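# kindly generate the corresponding structure for this input.
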Amino acid sequence: MMLSQKEISDFINWLEEHAKKRCESCQNDSIWHIGDNLMMPNAYQVERELTPYGSLPMFYIVCSHCGHVRLYSALAVQILPNRLVQKLPLSLQELRFPKEIW
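Numbers count the residues shown, from 1 in each chain. The predicted structure is shown next:
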């Protein structure tokens, strides 16, 4: 799903407030390329078998130095295109994140 200029601008503002500029992979203070669309990886519940649970919309940025990719949940960032909100089966409150491991 293509993002509007306002959605990209809102995400950039969110990144400037919440994210570190330094790349975790190459330790470079790189320029990050921002994807102009949302990634929609499938989410699954694991019980006795994998059960489709919907899609999780993600913003992504790519390090210009080493190609490392960061993903940010559009639900957590709270920037969701209106045309997507009606299609999502999940809200942030409905997500069951796995137990914290670190």
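
# helix or strand right after the lowest-mean-pLDDT helix or strand in the chain?
Within the chain, confidence by mean pLDDT, DSSP states H and E is lowest for strand 50-55 among all helices and strands, at a mean of 62. Going down the chain from strand 50-55, the next helix or strand is strand 58-63, by DSSP states H and E.

# let's see the pLDDT reported for the closest residue to residue 61 other than its chain neighbours.
Nearest residue to residue 61, sequence neighbours excluded (C-beta to C-beta, 6 or more residues apart in numbering): residue 32, at 4.3 Å. C-beta: built from backbone N, CA, C; applies to glycine. pLDDT, residue 32: 93.

# what about residue 68, how many residues nearby?
16 (other C-beta atoms under 10 Å).

# OK, contacts around it?
If a contact means C-beta atoms under 8 Å, 6 or more residues apart in numbering, then residue 68 has 23-26, 62 as its contacts.

# widest-spaced pair of those?
Taking C-beta to C-beta as the measure, these span a maximum distance of 12.9 Å, between 24 and 62.

# out of those two, which sits in the more crowded spot?
residue 62 (17 against 10).

# looking at the chain, which helix is longest?
In terms of residue count, the longest helix belonging to the chain (DSSP state H) is helix 5-18.

# could you pull up phi and psi at the residue nearest to residue 61?
Main-chain dihedrals, residue 32, degrees, to the nearest 10: phi -100, psi 130.

# I'd like to know how far it sits from residue 81.
Separation of residue 32 from residue 81 (C-beta to C-beta, to the nearest Å): 21 Å.
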